[in-house]
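Colleague: just a sequence and a predicted model for now, questions to come.
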Protein chains: 2
Amino acid sequence: VKLHILGCHAATPRSTTNPTAQVLESRNQLFLIDCGEGTQVQLRRHKLKFSRIDHIFISHLHGDHFFGLPGLLATFRLMGREKDLHLFGPEGIKEAITIILRLGEAETGYTIHFHELKGSDSECILDSEKISVHTIPLDHRIYTNGFLFRQKPKLLNLKIEVIEQYGIDTAQFLNIKRGSDARLKDGKVIPNSELTLPPPKQKSYAFCSDTAYNDRILPFIKEVDTLYHDATFLESESHLTAITKHATAREAATLAREAKVERLILGHFSSRYKDLHAFLEESRPIFSQTFLAEDGAVFEW
Amino acid sequence: VKLHILGCHAATPRSTTNPTAQVLESRNQLFLIDCGEGTQVQLRRHKLKFSRIDHIFISHLHGDHFFGLPGLLATFRLMGREKDLHLFGPEGIKEAITIILRLGEAETGYTIHFHELKGSDSECILDSEKISVHTIPLDHRIYTNGFLFRQKPKLLNLKIEVIEQYGIDTAQFLNIKRGSDARLKDGKVIPNSELTLPPPKQKSYAFCSDTAYNDRILPFIKEVDTLYHDATFLESESHLTAITKHATAREAATLAREAKVERLILGHFSSRYKDLHAFLEESRPIFSQTFLAEDGAVFEW
């Protein structure tokens, strides 16, 4: 799994900082998460192929998380896209996108499947052979979802030497990898556990931004490999979290520790902070495996 | 008058090129013309103060001319803008902008006056003490206007030595500058022509993009100081102009020559051309005072 941070800053795009957008790369699929203004340029800079994106997830409809979307959808068309696109986002996103594209008389030429979200409980919004995606209800000024990505179990690994010893036919291999027992020519049954090793661990990623501190998300982010969490402020500005519904680095670290995640990435920094090192200093005493998102950073696990 | 080219390229924003946006600076006012994605970042790069923009003109509703607008309007709010904003653009722009801002529950905090355009004839859309703006109906795939900016006449210049010779009272100066005759204490009238010199020339600018070649614009652009014209293609690709409704460098030069403008700026280059010098080579034999728009260029006259 690779996570490409295209932008990680709050509010408005600037010369050197970009609003929220990320690409999660898993088993050859690219999942775009949020799409602030300038995301299509960031995709180009990071050499991520537009044609590999079939799923876009929008957490909420504040501009710094979706004003890059109309441009990206229009560019897909200019590039001659024909493949379907799945777009997940809050109710209302379909109307907005449809009106904007209609004004430009720009038929997309490809089908957009709008999956409008309005539930206040977590729900499974994508369930494929390779991955599942669940919403994580967040606590922000407007309706907002985080997203939990979890790879599907891979097939079991065969113990080749045991298989050969029993002389098991290759025709049974796929079923064994899926968990079936094997049957020998003489009718004898060999239990699957004797023939296989567990598959590699299913990797997981939880994106939680924008949000105030909210420990109701703990069951969803429990033991995920990587948690990206809103850290708009330092504790010195914690008085701003209640009205803005954002979190501090300390709060993000506390959730990471409670949820026993493997690593925490902080992001959505307010432009008031020139030196982001203070975010690490605040977070690491609570949760050591903390990292800073930076535009252009790539995390791999 | 200064013209800041923030972006001058067709279709999609890229790492090094920006879609259409310009700022015309005239007598301390900034007029933003078109607003492709990334315009607010370009404004920052060029150190043009957001607070000095009170008028925005959108030629048409293709994404590369207006997808930067929602972000700019949202940033005005974040900056605490209270001043009114005047927004001129095709019918439909109000609905689109209103829906997008409503989705983010982002009250602007300042008033946007939407001036929706739908006429097919040129009309005066702004008429202030300092400047007038007329639409220039263009020939594009969707409803599109160019804009003609013309400074208002300044006050006449006083011939100070003549004024002193007659002993004319300072109380009469403003009226004389406005064209009135002067009256001496003995009742004698001195004609204005004896007391004044003509004001500096009123400067003018015509923005004509996107458009196919269309000689019906000649009366509007006649003898303007500066004409910016669509030059998406070279003549070698002139077969593409009919379907895309764009122009070639040669066509733009022909219009500039016929209209006897002072200078021509070519822009809206297709991304197929890596070396833009060919645009000058095609245009200058027809109209020598041709210049290339470049992102970041500033023209002054």
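Modeller: The structure has been received and is ready for your questions.
Colleague: which residues touch A:His268?
Modeller: The contact partners of A:His268, taken as Cβ atoms under 8 Å, 6 or more residues apart in numbering or on different chains, are A:Cys8, A:His9, A:Ala10, A:Thr20, A:Ser209, A:Asp210, A:Asp230, A:Ala231, A:Thr232, A:His246. The way it works is simple: take the backbone N, C-alpha and C, and place the C-beta from them, glycine included.
Colleague: please repeat the previous calculation with a cut-off of 7 Å.
Modeller: Taking Cβ atoms under 7 Å, 6 or more residues apart in numbering or on different chains as the contact definition, A:His268 lies against A:Cys8, A:Ala10, A:Thr20, A:Ser209, A:Asp210, A:Asp230, A:Ala231, A:Thr232.
Colleague: also A:Arg263?
Modeller: The contact partners of A:Arg263, by Cβ under 7 Å, 6+ apart, come to A:Thr226, A:Gln289, A:Phe291.
Colleague: okay, it: pLDDT?
Modeller: If you check A:Arg263, the pLDDT there is 98.
Colleague: who does it bridge with?
Modeller: Counting by DSSP bridges, A:Arg263 forms beta bridges with A:Thr226.
Colleague: returning to that earlier point: ok, the contacts of A:Arg263 vs chain B, which is closest?
Modeller: Comparing the contacts of A:Arg263 against chain B with Cβ to the nearest Cβ places A:Phe291 closest, at 25.7 Å.
Colleague: just give me the closest of the contacts of A:Arg263 to A:His86.
Modeller: A:His86 lies nearest to A:Thr226 out of the contacts of A:Arg263, by Cβ to Cβ, at 22.6 Å.
Colleague: for the closest one, the count of nearby residues, please.
Modeller: Look at A:Thr226: counted by other Cβ atoms under 10 Å in any protein chain shown, it has 25 neighbours.
Colleague: can you check A:Phe287 too?
Modeller: Neighbour tally, A:Phe287, other Cβ under 10 Å: 22.
Colleague: wait, isn't it in contact with A:Ala259?
Modeller: No. Look at A:Phe287 against A:Ala259 with Cβ atoms under 7 Å: they stay out of range, at 9.7 Å.
Colleague: so where is the stretch 51-200 of chain A shaky, pLDDT-wise?
Modeller: Nowhere does the stretch 51-200 of chain A drop to pLDDT under 70.
Colleague: near chain B, which residues of it?
Modeller: A:61-63, A:67-68, A:70-71, A:74-75, A:78, A:92, A:95-96, A:99-100, A:103-105, A:141-142 (Cβ under 7 Å from any Cβ of the partner chain).
Colleague: still on that earlier bit, any chance of TSV for the contacts of A:Arg263, columns pLDDT?
Modeller: Shown next, in TSV, are those (pLDDT from 0 to 100):
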residue	pLDDT
A:Thr226	98
A:Gln289	98
A:Phe291	98
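Colleague: what sits up against stretch A:166-178?
Modeller: A:Leu155, A:Leu156, A:Leu158, A:Ala182, A:Leu184, A:Ile190, A:Asn192, A:Leu195, A:Thr196.
Colleague: quick one, helices of the stretch 201-301 of chain A?
Modeller: Along the stretch 201-301 of chain A, counting by DSSP state H, counting those that start in this stretch, helices occupy A:218-221, A:241-244, A:249-259, A:277-283.
Colleague: show me what the last one is packed up against.
Modeller: Counting by 3 or more Cβ pairs under 7 Å, 6 or more residues apart in numbering or on different chains; DSSP states H and E, the packing neighbours recorded for helix A:277-283 are helix A:249-259, strand A:263-267, strand A:290-292.
Colleague: quick check: buried residues in it?
Modeller: A:Phe279, A:Glu282, A:Ser283 (16 or more other Cβ atoms under 10 Å in any protein chain shown).
Colleague: which stretches of the stretch 1-150 of chain A form helices?
Modeller: So, for the stretch 1-150 of chain A - with DSSP H, counting those that start in this stretch - the helices run A:39-45, A:63-66, A:69-78, A:93-103.
Colleague: most packed of these?
Modeller: Comparing the helices of the stretch 1-150 of chain A by mean neighbour count (mean count of other Cβ atoms under 10 Å in any protein chain shown), helix A:63-66 ranks first with a mean of 28.
Colleague: leaving aside the residues next to it on the chain, what's closest to the residue in the stretch 101-250 of chain A that chain B sits nearest to?
Modeller: Chain B sits closest to A:Leu103 of the stretch 101-250 of chain A, with a gap of 4.1 Å, by Cβ to the nearest Cβ. Leaving aside its sequence neighbours, A:Leu103 sits nearest to B:Leu61 (Cβ to Cβ, 6 or more residues apart in numbering or on different chains; 4.1 Å).
Colleague: ok, that neighbour touching A:Ala106?
Modeller: No. Look at B:Leu61 against A:Ala106 with Cβ under 7 Å: they stay out of range, at 9.2 Å.
Colleague: which one's more surrounded, the two?
Modeller: Applying other Cβ under 10 Å to B:Leu61 and A:Ala106 shows that B:Leu61 carries more neighbours, namely 25 against 19.
Colleague: picking up where we left off before, turn the helices and strands packed on helix A:277-283 into CSV, columns for distance to A:Thr170.
Modeller: Listed next are those as CSV, based on distance: least, Cβ to Cβ, whole Å:
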stretch, distance to A:Thr170
helix A:249-259, 43
strand A:263-267, 40
strand A:290-292, 45
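Colleague: so which of these is the most packed in?
Modeller: Highest mean neighbour count among the helices and strands packed on helix A:277-283 (mean count of other Cβ under 10 Å): strand A:263-267, with a mean of 25.
Colleague: for the stretch 151-300 of chain A, which residue gets nearest to chain B?
Modeller: The stretch 151-300 of chain A approaches chain B most closely through A:Ser271 (9.7 Å), counting by Cβ to the nearest Cβ.
Colleague: got phi/psi on that residue?
Modeller: Main-chain dihedrals, A:Ser271, degrees, to the nearest 10: phi -70, psi -10.
Colleague: how far away is the closest residue to it other than its chain neighbours from A:His60?
Modeller: Among residues not flanking A:Ser271 along the chain, A:Ala11 sits closest, at 6.2 Å (Cβ to Cβ, 6+ apart). To A:His60, A:Ala11 is 14 Å away according to Cβ to Cβ, to the nearest Å.
Colleague: I am finished for the moment; much appreciated.
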